[in-house]
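Asks: quick one, what's the 3D model for this:
(chains A and B)
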Amino acid sequence: MTCDEARRLARWGSMGTSVGRREKAALEAHLAECAACRGEVRFERVLAETLREAPTVAAPPSFADNVLAALPPPVVLPAPSLWSLWGWLVGGLALAAGSAFGMWHWRDLWLGWMDGWDVDLAMQSVRAQLGWQYLLNELNRVLGLLTASSTMLTAVALIAVAAWGATVLAGERR
Amino acid sequence: MASTTAGTAHDAELVRRTLDGDRRAFGELVRRHQDAVFGLVSRLVGARSDVEDIAQDAFLRAYRALPTFRGDAQFGTWLYRIAWNTCLDRREQQAHRQEHEVSLGPEDDEDDPHEPADPDAPLPDEVLEADDVRERLAHHLGQLPDHYRAVLTLYYYGQQSYDEIARVLDIPMNTVKVHIHRAKAQLRKALVAERAVEGWTS
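Replies: Residues are numbered from 1 along each chain as shown, chains lettered A, B, ... in the order given. Reported below is the predicted structural model:
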């Protein structure tokens, strides 16, 4: 056994790691011959014992309770009320549906205004290149297909789906 | 602080429950680790009156930092690191005391006439056989710079591996080995120097 091996083994032993019988015998044989390792092993042992057995402050029985009492208050997000979610979602969707209906109802006004938009020649060129006129015509045609009743039916269906989603969401967050 | 696999798994469960808002789970974590933290802090700071304050501060910091605990290290190792940083912060607040410790650093005693030629040389038998060798060693441990005392404490008391100590102290593993070696050399030197002074005066 070399000095390095002996000192490593002794260090493990001083830290409480179990050492095999054969290794222990080899270590003792080495220590009987090597004064340097003998001194080192004793020093290791004394050092480990001194650190392990150093007087320490014991935690008082109420320590954990004291820590819990000193914890910062948890950041609790106010649970959104069901009615609040419903209100915002239904209101938002009603506003969107109303806007869509208004745009449809007064489509001649704003489409005509956009159609006759006074833009310079270069801009007209760009619009033509991008198919701007074609898009406006398509929009006019699709909106023309919609009736007031189908618009309202779609809006109600959207509100119902959103309300159902809000109910599920509020239930999960509670 | 030897944590078993079951203990580690239990810690992870308690951490999860704490993050879900269960404060009692954090109380259980405190109870599981308070003795280890008190043992570590007691050995790292000299003033006994500070130990409970530092330990409580460490647990409060751990609670606030819990969302950042990724679980790639054991909770105990992570907590040791917070306790160590709390000790360092407390040291910085005690500036005058820190200055005193710096003066006992390894670079400042080069002119010591009792310094042995080789600090790694084995200690004479009479030094280790002295009745009060542990008291003397404890005294010299208290005089070591913080980082030396920390590596020795974590290694011999905490029974942490080099890798774990490196994580706790946030230093490279080779630095841990060097610090352990130098800390022990400094202790040997102090014991021999003390013995030489006694022999000269007696």
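Asks: can you name the residue of chain A nearest chain B?
Replies: Per Cβ to the nearest Cβ, residue A:39 is where chain A lies closest to chain B, at 3.2 Å. (C-beta placed from N, C-alpha, C; glycine too.)
Asks: mind telling me what element that residue is part of?
Replies: Counting by DSSP states H and E, the element that carries residue A:39 is helix A:35-52.
Asks: buried set for that helix?
Replies: By 16 or more other Cβ atoms under 10 Å in any protein chain shown, the buried positions in helix A:35-52 come out as A:37-48, A:50-52.
Asks: go ahead and flag the most central residue of chain B.
Replies: residue B:150 (2.6 Å; Cα atoms, centre = their mean).
Asks: let me see the contact set for it.
Replies: Applying Cβ atoms under 8 Å, 6 or more residues apart in numbering or on different chains to residue B:150 gives the contacts B:44, B:84, B:169.
Asks: ditto for residue B:83
Replies: Contacts of residue B:83 (Cβ under 8 Å, 6+ apart): B:37, B:40, B:41, B:44, B:54, B:55, B:58.
Asks: is any residue of the helix or strand containing the third one near chain A?
Replies: The secondary structure element spanning residue B:41 is helix B:23-44 (assigned by DSSP H and E). Yes - for helix B:23-44 and chain A, the contact criterion (Cβ under 8 Å from any Cβ of the partner chain) is met by B:23, B:26-27, B:30-31, B:34-35, B:37-39, B:41-43.
Asks: same for that helix, what does it pack against?
Replies: Helix B:23-44 sits against helix A:63-70, helix B:5-19, helix B:48-65, helix B:75-93, helix B:146-152, with contacts defined as 3 or more Cβ pairs under 8 Å, 6 or more residues apart in numbering or on different chains; DSSP states H and E.
Asks: lowest average pLDDT across the ones you listed?
Replies: When the helices and strands packed on helix B:23-44 are compared by mean pLDDT, helix B:5-19 comes last with a mean of 78.
Asks: can you get me a residue count around residue A:95?
Replies: A total of 10 residues lie near residue A:95 under the criterion other Cβ atoms under 10 Å in any protein chain shown.
Asks: and it, how far from residue B:160?
Replies: The spacing between residue A:95 and residue B:160, counted by Cβ to Cβ, to the nearest Å, is 62 Å.
Asks: helix, strand, or coil at the residue lying closest to residue B:42 once chain neighbours are set aside?
Replies: Using Cβ to Cβ, 6 or more residues apart in numbering or on different chains and skipping the chain neighbours, the partner closest in space to residue B:42 is residue A:56 (3.7 Å). Following DSSP: H, G, I helix; E, B strand; the rest coil, residue A:56 is assigned to coil.
Asks: you'd agree residue A:56 is up against residue B:43?
Replies: Yes - using Cβ atoms under 8 Å, residue A:56 is in contact with residue B:43, at 7.0 Å.
Asks: more neighbours, these two?
Replies: Using other Cβ under 10 Å, the more surrounded residue of residue A:56 and residue B:43 is residue B:43, with 26 against 16.
Asks: now do the same contact list for that one.
Replies: A:51, A:54, A:56, B:149, B:153, B:157.
Asks: how's chain A carved up into domains?
Replies: According to automatic domain parsing, chain A comprises the domains A:3-52, A:82-173.
Asks: so is stretch B:50-60 next to chain A?
Replies: Yes - against chain A, stretch B:50-60 shows contacts by Cβ under 8 Å from any Cβ at B:51, B:52, B:55, B:56, B:59, B:60.
Asks: tally of neighbours for residue 18?
Replies: I went with chain A, as the question did not name one. With other Cβ under 10 Å as criterion, residue A:18 counts 8.
Asks: hmm, I had chain B in mind actually
Replies: When counting by other Cβ under 10 Å, one arrives at 21 neighbours for residue B:18.
Asks: correct me, but it touches residue B:25?
Replies: Yes - using Cβ under 8 Å, residue B:18 is in contact with residue B:25, at 4.6 Å.
Asks: which residues do those two both contact?
Replies: With Cβ under 8 Å, 6+ apart as the test, residue B:18 and residue B:25 reach no residue in common.
Asks: just the pLDDT for residue A:140.
Replies: On pLDDT, residue A:140 comes in at 69.
Asks: likewise for residue A:77?
Replies: 55.
Asks: pull the CA atoms of stretch B:57-64 into CSV?
Replies: The C-alpha coordinates for stretch B:57-64 follow below in CSV (Å, rounded to 0.1, in the frame of the first residue of the first chain):
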residue,chain,number,x,y,z
ASP,B,57,-32.6,34.2,7.2
ALA,B,58,-31.3,31.3,5.1
PHE,B,59,-34.7,29.5,5.2
LEU,B,60,-36.5,32.7,4.3
ARG,B,61,-34.2,33.2,1.4
ALA,B,62,-34.8,29.6,0.4
TYR,B,63,-38.5,30.1,0.4
ARG,B,64,-38.3,33.2,-1.8
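Asks: element containing residue B:131?
Replies: Applying DSSP H and E, one finds residue B:131 in no helix or strand.
Asks: what's the distance between the residue nearest to the centre of chain B and chain A?
Replies: With distances taken as Cβ to the nearest Cβ, to the nearest Å, residue B:150 is found 11 Å from chain A.
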